[in-house]
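Novice: return atomic coordinates for the entry below.
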Amino acid sequence: MENIPVSGPWITEKEIAYVTEAVSSAWYSQANVFHQRFEEKFADYLGVRYAVTLPSCTAAIHLALAALGIGPGDEVVVPDITWIATAAPISYVGATPVFVDIDPRTWCLSAASLEECLTSRTKAVIPVDLYGGMPDWDAIRAVAVRHNLAVIEDAAEALGSEYHGRKAGSLGDLGVFSFHGSKTLTTGEGGMLVTDRTEIYERVLFLRDHGRRPGDKMFWNTEVAYKYKMSSMQAALGLAQMERIEELVDRKRRIFSWYQQELAGVQDVTLNYEAPGTKNTYWMVTAVLAEELGLEKERIIELIRKDGIDCRPFFYPLSSLPAYQDLLSAQQARRRNHVSYHLSPYGVNLPSGMNMTAKKARYVSQTLHGILGGSARHAPPAYLKTAYLTEG
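Specialist: Prediction:
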């Protein structure tokens with residue numbers, strides 16, 4: 001079996017043709033044509049009013065916080081289990097990240113933990129649709145309304161996921177996305193910010209272009225701001241991928257179904273959860289092993305790579321990272337966030353790239369079976385008994 005990467009895109013002749021067209025023609029008066037088409041199609045897909053192309057999801061979170069006026073003295077809540085890009089922009093604007101615990105089934109921010117950690121300084125919360133899964137958005141929004149919190153939905157990993165018929169990214173005051181090369185839809189690097197709020201949209205446009213008001217005289221900056229833009233070639237690639245979005249999402253769900261069929265008989269391996277009323281796009285197929293097996297994620301990754309299989313570790317709690325070791329809120333989180341610290345050591349992201357096949361998923365699963373040996377129990381939890389999709 002060839003080496004199996006953990007992630008990667010699905011590029012067709014459509015993407016190549018669109019990017020070639022952008023290289024050839026997206027200049028001068030046509031410089032923003034692909035941006036506009038990409039943004040309009042993206043907003044229409046999500047059912048929101050505005051979408052803004054950006055160079056990364058990190059930039060999108062930074063602009064969201066800046067547009068909301070969040071700064072020194074403020075606190076912003078984030079789940080302890082996520083990539084640091086969710087939290088780093090909080091520091092960019094001079095605010096303080098507060099790390100809260102996750103739900104043990106969805107692995108997303110827990111509304112109860114959110115409410116427990118609020119103070120008079122809390123101004124916003126950034127729930128994350130982790131690995132394509134969805135949190136309890138009704139509960140999160142109820143807490144936000146009670147405490148007058150702005151909500152930034154980090155849907156970087158969840159394009160196409162749904163919560164009771166609403167698309168991921170459309171459930172907060174703002175939504176943000178990543179188009180990194182590993183994501184379901186890619187522009188190589190890139191991101192998007194979406195919102196229904198006109199005042200936020202206009203503020204974001206101003207802040208991303210060095211503090212210049214649209215239509216004002218040339219080179220007239222009224223604030224020191226940022227340079228956060230996407231190239232025409234990236235926008236063209238994104239547009240082509242957006243025109244194939246259902247195909248890409250279906251592919252992700254099919255990949256998950258292959259793993260589910262292969263691993264459903266192992267009680268000590270828990271895969272991503274799809275809560276009732278939600279649609280999980282399974283950006284990363286994730287396996288959390290029972291603690292009783294005594295195999296932590298670093299050891300699993302070391303062993304499985306010997307067979308040419310690339311895996312990633314389940315995110316480390318942000319509060320455990322050296323980057324935050326001296327932060328008081330991180331010290332408090334290390335004592336408080338029991339679910340995060342219980343699950344993280346035993347989780348791995350299995351190969352989930354768009355080049356996966358049923359044969360490759362079977363090989364990965366059989367290799368994992370071999371590593372677990374006879375120590376794993378083989379009666380599946382109820383929520384893993386029914387496949388979400390047939391292999392087809």
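Novice: need the contact list for the residue of the chain positioned farthest from its centre.
Specialist: Outermost residue of the chain with respect to the C-alpha centroid, by CA atoms, centre = their mean, is residue 217; its distance is 38.3 Å. Residues near residue 217 by CB atoms under 8 Å, 6 or more residues apart in numbering: none. In this view, the C-beta of every residue, glycine as well, is placed from N, C-alpha and C.
Novice: all strands for the stretch 151-300 of the chain, in order.
Specialist: Assigned by DSSP state E, counting those that start in this stretch, the stretch 151-300 of the chain shows strands spanning 162-163, 166-167, 174-178, 191-195, 269-271, 278-279, 286-289.
Novice: what is the neighbour count of the closest residue to residue 282 other than its chain neighbours?
Specialist: Excluding its sequence neighbours, the residue lying closest to residue 282 (CB to CB, 6 or more residues apart in numbering) is residue 256, at 4.0 Å. Neighbour count for residue 256, taken as other CB atoms under 10 Å: 28.
Novice: give me the contact list for stretch 288-297.
Specialist: Residues contacting stretch 288-297 (CB under 8 Å, 6+ apart): 267-270, 300, 313-314, 342-348, 371-372, 375-377.
Novice: at 7 Å instead, please
Specialist: 268-270, 313-314, 343, 345-348, 372, 375-376 (CB atoms under 7 Å, 6 or more residues apart in numbering).
Novice: widest-spaced pair of the residues you listed?
Specialist: Pairwise distances across these peak at 20.7 Å for 313 and 375 (criterion: CB to CB).
Novice: which one of those two has more residues nearby?
Specialist: residue 313 (15 against 12).
Novice: separation between the nearest residue to the more buried one once chain neighbours are set aside and residue 368?
Specialist: Take residue 313 and drop its neighbours on the chain: the residue closest to it by CB to CB, 6+ apart is residue 297, 4.6 Å away. To residue 368, residue 297 is 12 Å away according to CB to CB, to the nearest Å.
Novice: more neighbours, these two?
Specialist: The residue with more neighbours, out of residue 297 and residue 368, is residue 368; 25 against 21, by other CB under 10 Å.
Novice: need the pLDDT of the more buried one.
Specialist: Looking at residue 368, its pLDDT is 96.
Novice: what comes up buried for the helix or strand hosting it?
Specialist: Residue 368 belongs to helix 358-372 when assigned by DSSP states H and E. Residues of helix 358-372 classed as buried: 358, 360, 361, 363, 364, 365, 367, 368, 369, 371, 372 (neighbour count, 16 or more other CB atoms under 10 Å).
Novice: any chance of those in JSON lines with distance to residue 131 as columns?
Specialist: As requested, the buried residues of helix 358-372 are exported to JSON lines (distance: CB to CB, whole Å):
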{"residue": "358", "distance to residue 131": "21"}
{"residue": "360", "distance to residue 131": "19"}
{"residue": "361", "distance to residue 131": "16"}
{"residue": "363", "distance to residue 131": "22"}
{"residue": "364", "distance to residue 131": "16"}
{"residue": "365", "distance to residue 131": "18"}
{"residue": "367", "distance to residue 131": "21"}
{"residue": "368", "distance to residue 131": "17"}
{"residue": "369", "distance to residue 131": "22"}
{"residue": "371", "distance to residue 131": "21"}
{"residue": "372", "distance to residue 131": "21"}
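Novice: out of those, flag the one nearest to residue 81.
Specialist: Nearest to residue 81 among those, with distances taken as CB to CB, is residue 368, at 21.5 Å.
Novice: now the closest one: closest residue in space, sequence neighbours ignored.
Specialist: Nearest residue to residue 368, sequence neighbours excluded (CB to CB, 6+ apart): residue 304, at 6.7 Å.
Novice: before we move on, what SS does the one you found have?
Specialist: Here residue 304 is helix, with the state taken from DSSP: H, G, I helix; E, B strand; the rest coil.
Novice: ranges for the helices of this structure?
Specialist: 13-25, 33-46, 57-67, 88-92, 111-116, 137-146, 198-207, 232-242, 245-263, 297-305, 328-336, 338-343, 358-372 (DSSP state H).
Novice: just the CA trace of the fourth one, in CSV.
Specialist: The C-alpha trace of helix 88-92 is given here as CSV (Å, rounded to 0.1, in the frame of the first residue of the first chain):
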residue,chain,number,x,y,z
ALA,A,88,-4.4,33.8,18.9
PRO,A,89,-6.3,36.7,17.4
ILE,A,90,-7.8,37.5,20.8
SER,A,91,-4.2,38.3,21.9
TYR,A,92,-3.7,40.3,18.7
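Novice: I'd guessed residue 39 sits against residue 48; true?
Specialist: No - between residue 39 and residue 48 there is no contact under CB atoms under 7 Å: 10.6 Å.
Novice: tell me which of these two has more neighbours.
Specialist: Set residue 39 next to residue 48 and count neighbours by other CB under 10 Å: residue 39 wins out with 23 against 19.
Novice: so where's this protein uncertain?
Specialist: Along the chain, segments meeting pLDDT under 70 span 1, 374-392.
Novice: change it to 90
Specialist: Low-confidence segments of the chain (pLDDT under 90): 1-2, 213-216, 264-267, 373-392.
Novice: the nearest residue to residue 34 once chain neighbours are set aside: what's it in contact with?
Specialist: Computed as CB to CB, 6+ apart, the closest residue to residue 34 that is not its neighbour in sequence is residue 235, at 3.9 Å. Going by CB under 7 Å, 6+ apart, residue 235 touches 34, 35, 38, 53.
Novice: of those residues, closest to residue 228?
Specialist: Taking CB to CB as the measure, residue 53 is the one of the contacts of residue 235 closest to residue 228, at 9.3 Å.
Novice: surely that closest one and residue 38 touch.
Specialist: Yes - contact criterion CB under 7 Å: residue 53 and residue 38 qualify, at 6.1 Å.
Novice: ok, now which ones touch residue 142?
Specialist: Per CB under 7 Å, 6+ apart, neighbours of residue 142: none.
Novice: any idea how far it is from residue 254?
Specialist: 35 Å.
Novice: if you skip the residues just before and after it, what's nearest to the residue most central in space within the chain?
Specialist: Within the chain, one residue has its C-alpha closest to the average C-alpha position: by CA atoms, centre = their mean, that is residue 157, at 2.5 Å. Spatially, and ignoring its direct neighbours in sequence, residue 157 is nearest to residue 283 (4.3 Å; CB to CB, 6+ apart).
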